[in-house]
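> coords please:
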Amino acid sequence: MVQPGYLPPALAQDVTTISFGGWGGVAEDEGVKAAIEVFEAENEDIEVIWQHPPP
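Sure thing, here's the model as predicted:
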């Protein structure tokens, strides 16, 4: 029996890429990068691109 939401490997999407940006200080940049690491570890099929201009 196949569980709802299951996709065989041939039909599963490889990686979804999302991006977002911010313009806070160094502390915000470091905090967001740390959160992205945790998020990506928990969601291996999602890649996050963080766009943060230099202060």
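> stretch 30-46: how far from the chain's middle?
From the chain centre to the centre of stretch 30-46 is a distance of 6 Å (Cα atoms, centre = their mean, to the nearest Å).
> how much space between the spatially most central residue of the chain and Ala27?
Relative to the mean C-alpha position of the chain, the nearest C-alpha, by Cα atoms, centre = their mean, is the one of Val48, at 3.4 Å. Note on Val48: its distance to Ala27, by Cβ to Cβ, to the nearest Å, is 19 Å. Glycine gets a C-beta too; all of them are placed from N, C-alpha and C.
> same deal with Glu40?
21 Å.
> compare these two and say which is more crowded by neighbours.
Higher neighbour count among Glu40 and Ala27: Glu40, with 13 against 8, using other Cβ atoms under 10 Å.
> helix, strand, or coil at that one?
helix (DSSP: H, G, I helix; E, B strand; the rest coil).
> pretty sure it sits against Ile49.
No - look at Glu40 against Ile49 with Cβ atoms under 8 Å: they stay out of range, at 10.8 Å.
> where do the strands sit along this structure?
Using DSSP state E, the strands of the chain run over 16-21, 46-51.
> let me have the ones you listed in a markdown table, extended by distance to Val32.
Shown next, in a markdown table, are the strands of the chain (distance: least, Cβ to Cβ, whole Å):
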| stretch | distance to Val32 |
| --- | --- |
| strand 16-21 | 9 |
| strand 46-51 | 6 |
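> and Ala34, which of the ones you listed is closest to it?
strand 46-51 (10.7 Å; Cβ to Cβ).
> mind listing what's buried along that closest one?
Residues of strand 46-51 classed as buried by neighbour count (16 or more other Cβ atoms under 10 Å): Val48.
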